[in-house]
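Let me see the structure of the following:
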Amino acid sequence: MPRRKTRAAAPTRKSPRSASSRSNPSPKACCPCSTAWKPGLKIDNASAEQLREGTEATLRQLLSVLERNKVVEVNPAPGARFDPAQQQAISMVPAQQDAGTVVMVLQKGYTIAERVLRPALVTVAQ
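Numbering: from 1, shown residues only. Next comes the predicted model:
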């Protein structure tokens, strides 16, 4: 009987994460923010100042998570040139500034690793 060839098991390696998965915020990273809000909501007689301090601390924590995960705010200044790659024009309005420039930001946008998560909603000068 001919001898049967056996294959050696291939060494196992962790597959490298793709560039896109490295740039997406981990849901685990957001857990501390969620956890931080819950105790504050359980306090029945908290003062407005205590609620404000707790909310500000949690917001700082959330902004830190976003920064670590390369989430960047898109908030064009009034008078900046309209950029359709990162902004969505909701309306064009008469204004005393150059045509095609941002008049007002209605809602900030966000990018992650230079990809638009949500465009900034803006009004643009006619």
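
Where do the strands of this structure begin and end?
For the chain, the strands defined by DSSP state E cover 71-74, 87-93, 102-107, 109-112, 115-118, 120-125.

To residue 33, which of these lies closest?
Residue 33 sits nearest to strand 71-74 of all the strands of the chain, at 13.0 Å, using CB to CB. C-beta: built from backbone N, CA, C; applies to glycine.

Same question for that closest one: list its buried residues.
The neighbour-count criterion (16 or more other CB atoms under 10 Å) identifies 71, 74 as the buried residues of strand 71-74.

mind checking how far it is from the chain centre?
Taking CA atoms, centre = their mean, to the nearest Å, one finds the center of strand 71-74 at 6 Å from the center of the full chain.

Then stretch 41-52?
The chain centre lies 28 Å from the centre of stretch 41-52; the measure is CA atoms, centre = their mean.

Quick check: residue 114 vs residue 89, distance?
Distance from residue 114 to residue 89, counting by CB to CB, to the nearest Å: 21 Å.

Contact partners for residue 78?
97, 101-105 (CB atoms under 8 Å, 6 or more residues apart in numbering).

again, only this time at 6 Å
Taking CB atoms under 6 Å, 6 or more residues apart in numbering, we find residue 78 in contact with residue 102.
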